[in-house]
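Peer 1: Sharing a model that was predicted from the sequence below.
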Amino acid sequence: MASRRMLLKSATAALTLSALIPGMAVAADPTRVVATFSILGDMVERIGGEHVTVSTLVGPNGDGHVYQPTPSAARDVSQAEVLIFNGLEFEGWLDRLVEASNFSGELVVATAGIEPIAFEEGHDDHDDHSDDKHDDHDDHAEDKHDDHDDHEGENHADHGDDHHGHNHGVFDPHAWQSLTLAVTYVDNITAALAKADPANAASFYENRAAYVAEIEALNAEISTLFGALPEDKRTVVTSHDAFQYFGKEYGLTFLAPQGLSTESDVSAKDIAELIEHMREDGISAVFLENITDARLLEQIANETDATIGGTLYPGALSDADGPASTYLDMIRHNASTLAAALGS
């Protein structure tokens, strides 16, 4: 009992002293942040450091396309001060989760300010994804993106009700595949954390500067890596259409039997056309993904005598002991795996 009284007196004395002595204060609790998937969670941890506690809804090797929120996810969101999501209709389930959790904190769109690649539903996935293909959609994409930012994701529910919550509309949401655009992600996250915790804003911006330097250094490294590839070695086949931003950054063409979502339907006609395209162009390698079933790509490889070039990480990190446990490790692994198989 005496020990308890001594502890209580010591705590009371410390609080009193902190109030009397300028500059002495009790450390604030870390800001509670929820990120919708593992890539965003890693970015938040890099920028927030010790000043944040981060919960990630879709964890390592998890597929955000087919995620179904759980009661524990609703509890995490209800207790969060900041909720960071990708936007561009990637998280079709988010509005229902926010409503169910009675979330009252700050909603942050990580892609705010990014002009997305336009994607027309039903387009031929095997066509060349050149810049010209998207020009007609640029103005519409910008207008819709601005509207998305204003409503902070409110339009997700309207699309989700008609398409099982996983429709991506006419925009490719996988903008994190571009290291150039990743800087925008980092800037948006940094600004959100600084707003939520102004006392530690200087720390957030210091972490941001170090992180951006790493991003830019890796971008230069990968640009050099792919710069040596001949033109006839720049076409890649993956499971679903998640690498268009990566392709645009480094001059690669990505083909896939599935569309933007891992839930996209794949017809026998789509597969036959892709196989014919691979044979005509001499595409000799296909790449599996950590979030998709390997059987379809293995079938395509068997029918074209293509080799399996390795496993890529399109939208989820690996476990801590895997090759893509952080965002930068993920991009580095994808680049080195592609380059090795393509002959760089």
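Peer 2: Done, it's in.
Peer 1: can I assume Thr56 sits in a strand?
Peer 2: Yes: judged by DSSP: H, G, I helix; E, B strand; the rest coil, Thr56 forms part of a strand.
Peer 1: can I assume it is in contact with Ser38?
Peer 2: Yes: with contact defined as C-beta atoms under 8 Å, Thr56 and Ser38 form a contacting pair (5.4 Å). The way it works is simple: take the backbone N, C-alpha and C, and place the C-beta from them, glycine included.
Peer 1: Mind checking which of these two has more residues around it?
Peer 2: Taking neighbours as other C-beta atoms under 10 Å, Thr56 and Ser38 compare with Ser38 leading, 27 against 24.
Peer 1: Relative to whatever helix or strand Phe254 lives in, what are the paired strands and their orientations?
Peer 2: Assigning secondary structure by DSSP states H and E places Phe254 in strand 253-255. Sheet pairing of strand 253-255 (DSSP bridges) gives strand 235-237 (parallel).
Peer 1: packing partners for the helix or strand following the strand it pairs with?
Peer 2: Remark: after strand 235-237, the chain's next helix or strand is helix 244-250, criterion DSSP H and E. If you count contacts as 3 or more C-beta pairs under 8 Å, 6 or more residues apart in numbering; DSSP states H and E, helix 244-250 packs onto helix 179-196, helix 201-227, strand 253-255.
Peer 1: And the first one, what does it pack against?
Peer 2: With contacts defined as 3+ C-beta pairs under 8 Å, 6+ apart, helix 179-196 has these neighbours: strand 31-37, helix 38-48, strand 82-85, strand 106-109, helix 201-227, helix 244-250.
Peer 1: Equivalent analysis for the second one, please.
Peer 2: Secondary structure elements in contact with helix 201-227, counted by 3+ C-beta pairs under 8 Å, 6+ apart, are helix 38-48, helix 179-196, helix 244-250, helix 327-342.
Peer 1: deepest of those, which one?
Peer 2: Neighbour counts (mean count of other C-beta atoms under 10 Å) averaged over each of those peak at helix 38-48, with a mean of 24.
Peer 1: Now do that one: distance to the chain's middle.
Peer 2: Relative to its chain's centre, helix 38-48 lies at 10 Å (C-alpha atoms, centre = their mean, to the nearest Å).
Peer 1: For Val237, list the residues it contacts.
Peer 2: Phe254, Leu255, Ala256, Leu274, Met278, Ile283, Ala285, Val286, Phe287, Leu297, Ile300, Ala306 (C-beta atoms under 8 Å, 6 or more residues apart in numbering).
Peer 1: Turn those into TSV, columns for neighbour count.
Peer 2: Listed next are the contacts of Val237 as TSV, based on neighbours: other C-beta atoms under 10 Å:
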residue	neighbour count
Phe254	23
Leu255	23
Ala256	28
Leu274	22
Met278	23
Ile283	20
Ala285	21
Val286	27
Phe287	24
Leu297	21
Ile300	18
Ala306	20
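Peer 1: quick one: low-confidence ranges for this structure?
Peer 2: Low-confidence segments of the chain (pLDDT under 70): 1-27, 120-169, 258-265, 344.
Peer 1: about what we covered before: relative to His333, which of the helices and strands packed on helix 244-250 is closest?
Peer 2: Closest to His333 of those, according to C-beta to C-beta: helix 201-227, at 11.1 Å.
Peer 1: Any buried residues in the closest one, and which?
Peer 2: 201, 203-204, 207-208, 211-212, 215, 218-219, 222, 225-226 (16 or more other C-beta atoms under 10 Å).
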